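Chemist: Sequence and computational prediction follow.
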Amino acid sequence: MATPLIWIDEEVQAEPALARPIPFVFKTAGQTMLALGQLATLGDGALANLAELTSDFFEKQTEGPDVLVGALPFDPTQPSHLVQPERVLRVQGKHDIGAIPGLGGGASSHAAAPRILSVDPDPAAAEFANAVAVALDQLNAPGATMRKVVLSRSLKVMANRDFSAADLMRKLSVDESVTVFATPLPARLHRLRCLIGATPELLLEKRGGHIVSHPLAGSARRHRDTAEDRQAGNRLLASDKDRREHAMVVESILDILAPYCVDLSTPEGTCLRATASMWHLGTRIVGQLKDASLSSVHFVGLLHPTPAVCGLPRNLANDQIMKLEPYDREFYAGAVGWCDSAGDGRWHVSIRCAELDGNHARLYAGAGIVPGSTPEGEVIETSAKFRAMLDAFGIDGGRFDE
Ligand SMILES: C=C(O[C@H]1C=CC=C(C(=O)O)[C@@H]1O)C(=O)O
């Protein structure tokens, strides 16, 4: 069934904003990909089967755009949500994301913004600090085999009217250093949901025989004052704790990709990666594949979840996440992106994001814990990571740290 191209038009505000699936939107520097409607859905399957599922899908599907778009959950045993759209539109160059043809022409700019009624930390910052302390006990125990675990917390937000994905995306797009995305999620209790965010982290891009990954780990908040900001970046670059936290991610990705590559390197080494609100340590990894026919989802299946969102070793870290976090991450800390029948694709880590369900939203922020981390430091770091999404929602975040 064709999905109407209406997204945020004023005349449909009487209906819940997410009464129809929103388009998939993927705005990277210089290009926006917009996937409209839903021609077919990829069948359920765990991440390990995704390469096979997608290649079967493309073999059978002879009509419609040659692409699947959507989201993969944090838990690789849970089904992904990938769809073949009816139409794909690409917009190049600088543009207002809300004014792309097919999105309703930015009509919401004169509509009243939803008024925030409540913000509920889940868990509270103090509980999150306790979870970090428990994880640190495990990491520091004599003979410990777990080396890193990434723990997250969330903020549940309620407004007086439905949130507008287009308005949020427009606000998030002010930061041109990140990939702004919106992707439909599986319905829950017959309600359509979506994930919207502004991720700085590239999990994997594959074009022909060339692959790129740009993992981030190790963070500090940015400052308005230029000198203070520069100092914060320099401190991060020099921080032993953050360098260890980062190196584990890079080494793990290099180990996984190396057997598939004739050439694999980190041309610039570890650098500072800036977003509008955060400094990160980042290392761009580039590779040339031995077998260019392997698809992007094959590699995503091997890489995800990286130690940037889970930990090391993966199974031990995942056990701790299950024990210490009070919710199912679902599509937070998963991946969002697209793949095509040639095996090309681009997948970003779904962080700095919020799940939207009508007038409810849940924002997420996580942080890598290694020996040397402190509970207070991780509370401050996750607060800083909430900043970009909180700003988009028009919420002053400071009071959620207690
Ligand atoms: C898990 C998140 O961030 C990851 C990505 C960059 C830096 C991170 C860190 O410094 O801990 C995290 O590994 C998140 O923002 O929710």
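Modeler: On my side now, so go ahead. Numbers count the residues shown, from 1 in each chain.
Chemist: For whichever residue of the stretch 101-250 of the chain sits closest to the ligand, grab phi and psi.
Modeler: Closest to the ligand within the stretch 101-250 of the chain is S219: 3.5 Å, counting by CB to the nearest ligand atom. In this view, the C-beta of every residue, glycine as well, is placed from N, C-alpha and C. Here is the backbone geometry of S219 (degrees, to the nearest 10): phi -140, psi 150.
Chemist: contacting residues around it?
Modeler: Contacts for S219 were tallied using CB atoms under 8 Å, 6 or more residues apart in numbering; they are L236, D242, M278, W279, H280, L281, A367, E381, A384, K385.
Chemist: can you do 10 Å?
Modeler: Contact analysis of S219 by CB atoms under 10 Å, 6 or more residues apart in numbering lists 200, 236, 242, 245-246, 273, 275, 278-281, 367-368, 378, 380-382, 384-385.
Chemist: Name the helix or strand for the closest residue to P305 other than its chain neighbours, please.
Modeler: The spatial neighbour of P305 that comes closest, neighbours along the chain excluded (CB to CB, 6 or more residues apart in numbering), is F74 at 6.1 Å. Here F74, judged by DSSP states H and E, is contained in no helix and no strand.
Chemist: Please tell me how far F74 sits from A274.
Modeler: 26 Å (CB to CB, to the nearest Å).
Chemist: okay, these two: which has more neighbours?
Modeler: Regarding F74 and A274, a neighbour count based on other CB atoms under 10 Å identifies F74 as having more, with 24 against 16.
Chemist: pretty sure the more buried one contacts A317?
Modeler: No: F74 is not in contact with A317 according to CB atoms under 10 Å; the separation is 11.8 Å.
Chemist: Pull up the overlap in contacts between the two.
Modeler: P305, V309, C310.
Chemist: per-residue pLDDT, the last one?
Modeler: C310 carries a pLDDT score of 98 in this model.
Chemist: and it, what does it touch?
Modeler: So C310 contacts 74-76, 148-150, 249, 252, 304, 316-318, 320-321, 329, 333, 366, 368 (CB under 10 Å, 6+ apart).
Chemist: Against the ligand, which of the contacts of S219 make the cut? List them.
Modeler: Among the contacts of S219, the residues within reach of the ligand (CB under 6 Å from any ligand atom) are H280, A367, G368, K385.
Chemist: Show me these that map onto helices.
Modeler: Using DSSP state H, K385 are the members of the ones next to the ligand among the contacts of S219 that sit in helices.
Chemist: who wins for most neighbours among the ones next to the ligand among the contacts of S219?
Modeler: Neighbour counts for the ones next to the ligand among the contacts of S219 (other CB under 10 Å) peak at G368, which has 29 neighbours.
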